[in-house]
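A.B. asks: predicted model, plus sequence, below.
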Amino acid sequence: MSQPLRIGIAGLGTVGSSLIRALRSKHDFLAERCGRPIDVVAVCARDRNRDRGFDPAGLEWFDDPVALAGSANIDVFVELMGGDSGPALDSVRAAIAAGKHVVTA
């Protein structure tokens with residue numbers, strides 16, 4: 001199987017947390033269908049201690065979404081912080097500048 005597709009997610013509210021749980025629960029199915037594993041490897045959120053319904057062990061944590069967007073450890077940057085300016089816009093611009101695929105809501 002190919003190298004994993006490495007995802008970084010900025011914003012771990014309802015949507016971000018649900019996305020992580022869904023990707024984890026469907027990991028094997030998605031890997032088989034896509035021909036490669038899809039792994040969330042890094043996240044960014046304001047409160048590291050909040051219970052989000054998943055185990056964050058093994059995830060690289062960033063305090064700055066722009067730093068996450070430019071990380072060499074991700075292939076895809078998912079912006080789920082919300083807003084069309086400020087940190088959301090800055091991080092999307094940084095991800096594009098770093099050659100990352102970008103998904104935003």
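C.D. replies: Nice, thanks for sending it over.
A.B. asks: ok, which stretches of this protein are strands?
C.D. replies: For the chain, the strands defined by DSSP state E occupy 5-10, 38-44, 60-62, 76-79, 101-104.
A.B. asks: for the ones you listed, could you give me a markdown table that also reports distance to residue 18?
C.D. replies: The way it works is simple: take the backbone N, C-alpha and C, and place the C-beta from them, glycine included. Output for the strands of the chain, formatted as a markdown table (distance: least, Cβ to Cβ, whole Å):
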| stretch | distance to residue 18 |
| --- | --- |
| strand 5-10 | 11 |
| strand 38-44 | 12 |
| strand 60-62 | 19 |
| strand 76-79 | 12 |
| strand 101-104 | 14 |
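A.B. asks: of all those strands, which one is nearest residue 70?
C.D. replies: Closest approach to residue 70 among the strands of the chain (Cβ to Cβ): strand 76-79, 8.7 Å.
A.B. asks: where does pLDDT dip in the chain?
C.D. replies: Residue ranges of the chain with pLDDT under 70: 1.
A.B. asks: mean neighbour count for the strands of the chain - can I get that in JSON lines?
C.D. replies: Shown next, in JSON lines, are the strands of the chain (neighbours: other Cβ atoms under 10 Å):
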{"stretch": "strand 5-10", "mean neighbour count": "23"}
{"stretch": "strand 38-44", "mean neighbour count": "22"}
{"stretch": "strand 60-62", "mean neighbour count": "15"}
{"stretch": "strand 76-79", "mean neighbour count": "24"}
{"stretch": "strand 101-104", "mean neighbour count": "15"}
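A.B. asks: now for these, which one comes closest to residue 30?
C.D. replies: Closest among these, using Cβ to Cβ: strand 38-44, at 5.1 Å.
A.B. asks: quick one: contacts for the closest residue to residue 39 other than its chain neighbours?
C.D. replies: Among residues not flanking residue 39 along the chain, residue 4 sits closest, at 4.5 Å (Cβ to Cβ, 6 or more residues apart in numbering). Counting by Cβ atoms under 8 Å, 6 or more residues apart in numbering, residue 4 touches 36, 37, 38, 39.
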